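S.K.: model the structure of this input:
(one chain, ligands or ions: 1)
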Amino acid sequence: VKPQVEIEDFFLGLSRSWALLIDPDKIEPESLRIRLNSAARNGAACILVGGSHLEENQLTQCLKACKDQVSLPCFLFPGPGMPVSSLADGLLFLSLVSGRNADLLIGQHVIAAPRIKAMSIPVISTAYMLVEGDSLTTAHYMSQSLPLPRNKPGLAAATALAASYLGMKLIYLDGGSGAQSPVPEATVTAVKSETGLPIIVGGGVRSFAQLSALWDAGANLVVLGTVAEESPEFFANQVLDRASL
Ligand code: 1GP
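M.R.: Take a look at the predicted model:
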């Protein structure tokens with residue numbers, strides 16, 4: 001059993017890092033191989049596995065494929081129903097604090113917690129905050145909750161502060177997968193200065209310039225999903241090599 005503190009230390013130690021998000025629904029072997037190898041070559045800190053799929057066996061298959069190819073830690077970024085797998089190195093125990101949907105604040109957690117414990121999966125308590133984008137994303141729709149207003153960084157900061165007072169250890173600011181544009185930098189900076197907690201930012205990041213701007217704003221870890229699915233060569237073109245940052 002891995003001690004709980006390790007996963008918290010991992011995220012606390014991240015700075016100007018990035019993660020590849022793999023959706024278990026999109027694991028065509030050749031594309032997955034290219035994305036994973038590119039991530040490993042270009043200094044990804046970890047792999048996040050998550051999406052809207054509900055079947056645990058598909059999740060396990062995906063984690064196995066990831067672990068067969070790269071030695072990076074693979075964390076679950078659980079979707080609806082919170083499916084879990086014992087192959088995961090840890091799990092972002094997300095509570096959707098930007099919304100008021102009780103099921104996503106605490107409901108699904110009660111059902112998943114005993115399974116997570118039985119599988120000895122390390123968890124990190126994570127404040128999951130959806131931020132309004134230009135259009136409705138799957139994450140926004142599936143959560144049936146209002147996102148944080150895009151132009152109100154103070155509201156995002158207050159939400160994150162409340163989450164930190166509740167004991168959460170990590171903030172995930174998400175514009176939703178496939179968003180037209182990333183979470184505003186002002187929101188990241190406001191959340192960072194109010195809480196000092198490590199911040200993950202994802203959704204709509206499509207260029208190295210956007211990624212770098214989010215790092216400058218205070219993001220510890222930026223997540224890339226769609227851009228890697230659509231153009232695995234993104235990594236080569238954008239020169240993500242940590243040595244050159
Ligand atoms: C969404 O943060 C992730 O939860 C990644 O989003 O697919 O837009 O990169 P993209």
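S.K.: show me what contacts the residue of the chain found nearest the ligand?
M.R.: In the chain, the residue that lies nearest the ligand is residue 202 (1.9 Å; C-beta to the nearest ligand atom). Quick note: C-beta positions are derived from backbone N, CA and C, even for glycine. Shown in contact with residue 202 (C-beta atoms under 8 Å, 6 or more residues apart in numbering): 21, 172, 173, 174, 175, 177, 222, 223, 224, 225.
S.K.: do that again at 10 Å, thanks
M.R.: For residue 202, the contacting residues are 18-19, 21, 48, 77, 139, 172-177, 179, 182-183, 214, 219, 221-226, by C-beta atoms under 10 Å, 6 or more residues apart in numbering.
S.K.: can you list the residues of this protein near the ligand?
M.R.: For the chain, the residues in contact with the ligand (C-beta under 6 Å from any ligand atom) are 21, 174, 177-179, 202-205, 223-227.
S.K.: quick one, strands of the chain?
M.R.: Using DSSP state E, the strands assigned to the chain run over residues 17-22, 46-49, 74-76, 90-96, 123-130, 170-174, 199-202, 221-224.
S.K.: export those strands to JSON lines and tack on distance to residue 145 and mean pLDDT?
M.R.: Listed next are the strands of the chain as JSON lines, based on distance: least, C-beta to C-beta, whole Å; pLDDT from 0 to 100:
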{"stretch": "strand 17-22", "distance to residue 145": "21", "mean pLDDT": "97"}
{"stretch": "strand 46-49", "distance to residue 145": "21", "mean pLDDT": "98"}
{"stretch": "strand 74-76", "distance to residue 145": "21", "mean pLDDT": "97"}
{"stretch": "strand 90-96", "distance to residue 145": "6", "mean pLDDT": "97"}
{"stretch": "strand 123-130", "distance to residue 145": "7", "mean pLDDT": "98"}
{"stretch": "strand 170-174", "distance to residue 145": "12", "mean pLDDT": "98"}
{"stretch": "strand 199-202", "distance to residue 145": "17", "mean pLDDT": "98"}
{"stretch": "strand 221-224", "distance to residue 145": "20", "mean pLDDT": "98"}
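S.K.: list the beta-bridge partners for the residue of the chain closest to the ligand.
M.R.: residue 174, residue 223 (DSSP bridges).
S.K.: coming back round to it: the residues of the chain next to the ligand: which two are farthest apart?
M.R.: Spanning the widest gap among the residues of the chain next to the ligand are 174 and 227, at 15.0 Å by C-beta to C-beta.
S.K.: out of the two, which sits in the more crowded spot?
M.R.: Each of residue 174 and residue 227 has its neighbours counted (other C-beta atoms under 10 Å); residue 174 has more, 27 against 20.
S.K.: so who does that one touch?
M.R.: Going by C-beta under 10 Å, 6+ apart, the list of residues near residue 174 reads 77, 94, 96, 98, 128-131, 133, 137, 139-140, 147, 182-183, 200-204, 223.
S.K.: which among those count as buried?
M.R.: Buried members of the contacts of residue 174, counted by 16 or more other C-beta atoms under 10 Å: 77, 94, 96, 98, 128-131, 133, 137, 139-140, 147, 182-183, 200-204, 223.
S.K.: what about the helices in this structure?
M.R.: 4-12, 29-41, 56-69, 102, 108-118, 138-143, 153-165, 185-195, 208-217, 226-230, 234-238 (DSSP state H).
S.K.: next, count neighbours for residue 150.
M.R.: The burial count for residue 150: 17, using other C-beta under 10 Å.
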